[in-house]
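Undergrad: What would the 3D arrangement of this be:
(one chain, ligands or ions: 1)
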Amino acid sequence: MEIVILPSTREVHATAARIIAALVRARPSAVLGLATGVTQRPVYEELVRLHREEGLDFSGVTTFNLDEFAGIGRDHPDSYYHYMNQHLFRHVNLQADRVHIPDGLAADVDRECRDYEAAISAAGGIDLQLLGIGEDGHIGFNEPTSSLGSRTRMKTLAPGNRHVITMGIATILQARRCLMLAWGERKQVAVARMVEGPLTAMVPASALQLHPRTTILVDELAAAGLELIDYYREVHRNKPAWQRERDGV
Ligand code: GLP
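TA: Alright, predicted model coming up:
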């Protein structure tokens, strides 16, 4: 795992947007895995700005969102489709047929989940999966005790018993690159457990320890619980120029 500690929250967002934009420019048919949450909003805001001001072209890009609430439709204000539409889709030139979010109203949920996995494979797999982390270490809607081998499926959230459809942990691990963002004190413990704790279903994000190419962008507050913080800074300071070029950070 590559840990990049950035001087401000703003830098976390700007760096993530820069990495995504570089991928889209280099590979106009890129397949992006997208996430929701407060964390990602400024990233989408920056991508929209790059589209408007610098002509960043999404016309050939395919997207797959991590998760969605079940039992509500796309137009529902709580749906992740609504979030994505508000913050990204309606502002850029993504083609509607290349945008994928699990259908919360699917009559046959098992089939919807199988089809979602099949669509990811048919698109050639995800080039870059954007991720946020929950305070309990969840990724997508894979809460503690989710199987590390899980694929897209329906889950029931512990608080509130809400049904959701989420990519599984194994689905996420198949992305060619994972880009995890976390900022603020609220995420300190989760970040430390993800990076330095044991690999365990109790901290689903710890599964990223198995991923060959995960970049974790954190601000100082989110990084403050890391035991090897000085080592991560040192490694990053000494990162060869060609690797910086390749990774965008
Ligand atoms: C939700 C989403 C996750 C997200 C997490 C953290 O549970 N399903 O994908 O990473 O919240 O959200 P936030 O960025 O708002 O802290």
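Undergrad: C-alpha from now on. contacts and neighbour counts both.
TA: Noted.
Undergrad: burial of residue 204, as a residue count?
TA: Other residues lying near residue 204 total 27 when counted by other C-alpha atoms under 10 Å.
Undergrad: and the gap between the closest residue in space to residue 106 that isn't next to it in sequence and residue 151?
TA: Distance criterion C-alpha to C-alpha, 6 or more residues apart in numbering; nearest residue to residue 106, sequence neighbours excluded, is residue 112 at 6.4 Å. In this view, residue 112 and residue 151 are 12 Å apart by C-alpha to C-alpha, to the nearest Å.
Undergrad: Local confidence estimate at the residue nearest to residue 106?
TA: Predicted confidence (pLDDT) for residue 112: 98.
Undergrad: how close does it get to residue 33?
TA: Counting by C-alpha to C-alpha, the gap from residue 112 to residue 33 is 17 Å.
Undergrad: which of those two has more neighbours?
TA: Counted by other C-alpha under 10 Å, residue 112 and residue 33 do not tie: residue 33 has more neighbours, with 24 against 20.
Undergrad: Next, give phi and psi for the more buried one.
TA: When read as degrees, to the nearest 10, the backbone of residue 33 gives phi -100, psi 120.
Undergrad: pretty sure it is touching residue 125, no?
TA: No. Residue 33 is beyond contact range of residue 125, at 9.5 Å (criterion: C-alpha atoms under 8 Å).
Undergrad: Near the ligand, which residues of this protein are found?
TA: Residues of the chain lying close to the ligand (C-alpha under 6 Å from any ligand atom) are 35, 36, 37, 38, 39, 131, 132, 133, 134, 139, 140, 141.
Undergrad: Go through those residues and flag which are in strands.
TA: residue 131 (DSSP state E).
Undergrad: can you list the residues that contact the helix or strand hosting residue 115?
TA: Residue 115 belongs to helix 109-122 when assigned by DSSP states H and E. When contacts are defined by C-alpha atoms under 8 Å, 6 or more residues apart in numbering, helix 109-122 is touched by residues 64, 102, 103, 106, 126, 151, 152, 153, 154, 165, 171.
Undergrad: and what of stretch 148-162?
TA: Applying C-alpha under 8 Å, 6+ apart, the external contacts of stretch 148-162 come out as 69-70, 109-110, 113-114, 116-117, 141, 143, 163-171, 201, 204, 207.
Undergrad: Tell me where the model's unsure across the protein.
TA: The model of the chain has no residue with pLDDT under 70.
Undergrad: and the longest helix for it?
TA: helix 9-26 (DSSP state H).
Undergrad: Point out the other helices and strands that that helix packs with.
TA: Applying 3 or more C-alpha pairs under 8 Å, 6 or more residues apart in numbering; DSSP states H and E, we find helix 9-26 packed against helix 41-54, strand 177-182, strand 214-219.
Undergrad: Other residues contacting that helix?
TA: 6, 30, 40, 42-44, 46-47, 50, 56-58, 61, 128, 179, 181-184, 217-219, 247-249.
Undergrad: ok, now with 7 Å
TA: If you take C-alpha atoms under 7 Å, 6 or more residues apart in numbering as the criterion, helix 9-26 is touched by 6, 30, 42, 43, 46, 47, 181, 183, 217, 218, 219, 248.
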